[in-house]
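Engineer: Got a sequence here, can you model it:
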Amino acid sequence: MTQQATLPEPRLKTYVGSTLLFIGIFSTATLAGILILLATVFPFNVRYQISKAWCALVVSMAKWFCGVGYEVEGLENLDIGQTAIVLCNHQSAWETLALRCILPPTQTALLKRSLTWFPLWGWALSTLKPIAIDRKSQRAALKILIKKGKACLHEGVWVVVFPEGTRSAPGEVQKFSVGGALLAEKTGYPVIPVAHNAGNVWPRYSFLKYPGTIRVKIGPAIPTQGRKAQDINNDAAAWIAQAVQDLNKKDSKPA
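Structural biologist: Residues are numbered from 1 along each chain as shown. Take a look at the predicted model:
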């Protein structure tokens, strides 16, 4: 059984910081959404850089208001010149923002189509080449992932997939769906496994954010040429599960 991190009792500072972060995210997202929509007349890279700057701002606000920092291990495993597919565990909203700052220049992500329906923010998101799917129709979702994912990869855009499909509790890794690995099988692009423990300080479905350091671990590229999706998926899932366990053990040790 995986040992899970225990969150501390929230203090007044935790409530105040989390409230300030919420206000900061809401207000800056509105501004960023407007700028991105206005930038639709310009090349894609202009809109992308606005979105990336906003992600970096939110990560910084999490540090300023809530004391949420992060460390990255394994950056040497990233080859900027080789487009890749990233498979990452999913614990909170933090990683969906931070990976835009940590990983190579241009990327997109597999996400729920309903996210693009939100007024302003969702509309802006829809201009950033998202791979938006309806999870209720798995066959159609896979077709969209393969078609749009292949196009993005050929353009040099990295594709980020959270194969668990939903957020997990700290220290846990749920069963991986095969979509990201199938994209790798069909295209031959390498898979980069990424693990983190963001849920320890930015819990899923929680308004409160707790001070602490999120640890991100980037693994060696998993070769995909001539391999079946299930084998690729098994390798990525095994590496990420072990890395999450290692990160959890490291954080559970007394200082």
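Engineer: Strands of the protein, start to end?
Structural biologist: 68-73, 85-88, 107-112, 131-133, 158-161, 191-196, 212-218 (DSSP state E).
Engineer: got CSV for those strands, with mean neighbour count and distance to residue 241 too?
Structural biologist: All C-beta atoms are positioned from the backbone trio N, CA, C, and that covers glycine. Listed next are these as CSV, based on neighbours: other Cβ atoms under 10 Å; distance: least, Cβ to Cβ, whole Å:
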stretch, mean neighbour count, distance to residue 241
strand 68-73, 16, 17
strand 85-88, 26, 12
strand 107-112, 19, 20
strand 131-133, 22, 24
strand 158-161, 24, 16
strand 191-196, 26, 8
strand 212-218, 21, 12
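Engineer: unless I'm mixing things up, residue 177 is touching residue 165, no?
Structural biologist: Yes - Residue 177 lies in contact with residue 165 (Cβ atoms under 8 Å); the separation is 5.6 Å.
Engineer: re earlier: relative to residue 10, tell me which of the strands of the chain wins on proximity.
Structural biologist: strand 212-218 (13.0 Å; Cβ to Cβ).
Engineer: same for that closest one, what does it pack against?
Structural biologist: Applying 3 or more Cβ pairs under 8 Å, 6 or more residues apart in numbering; DSSP states H and E, one finds that strand 212-218 contacts strand 68-73, helix 94-102, strand 191-196, helix 229-252.
Engineer: Could you dump these into CSV with mean pLDDT and distance to residue 172 added?
Structural biologist: Listed next are the helices and strands packed on strand 212-218 as CSV, based on pLDDT from 0 to 100; distance: least, Cβ to Cβ, whole Å:
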stretch, mean pLDDT, distance to residue 172
strand 68-73, 97, 20
helix 94-102, 96, 15
strand 191-196, 98, 12
helix 229-252, 91, 8
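Engineer: deepest of those, which one?
Structural biologist: Ranked by mean neighbour count, the helices and strands packed on strand 212-218 are led by strand 191-196 with a mean of 26 (mean count of other Cβ atoms under 10 Å).
Engineer: quick one: contacts for residue 145?
Structural biologist: Residues near residue 145 by Cβ atoms under 8 Å, 6 or more residues apart in numbering: 110, 131, 133, 179-180, 182-183.
Engineer: ok, now residue 50?
Structural biologist: With Cβ under 8 Å, 6+ apart, residue 50 has these contacts: 32, 35-36, 39.
Engineer: For residue 195, state which of the contacts of residue 145 is nearest.
Structural biologist: Nearest member of the contacts of residue 145 to residue 195, counting by Cβ to Cβ, is residue 180, at 14.6 Å.
Engineer: Which pLDDT value does the model give the closest residue in space to the closest one that isn't next to it in sequence?
Structural biologist: If the residues on either side of it in the chain are set aside, residue 180 comes closest to residue 161, at 3.4 Å by Cβ to Cβ, 6 or more residues apart in numbering. On pLDDT, residue 161 comes in at 97.
Engineer: give me the low-pLDDT residue ranges for the stretch 1-150 of the chain?
Structural biologist: 1-9 (pLDDT under 70).
Engineer: The same query, at a cut-off of 90, please.
Structural biologist: By pLDDT under 90, the low-scoring segments of the stretch 1-150 of the chain are 1-11, 80, 104-105, 135-139.
Engineer: right, and the helices and strands packed on strand 212-218 - which one's nearest residue 59?
Structural biologist: Judged by Cβ to Cβ, the one of the helices and strands packed on strand 212-218 that comes nearest to residue 59 is helix 94-102, at 5.3 Å.
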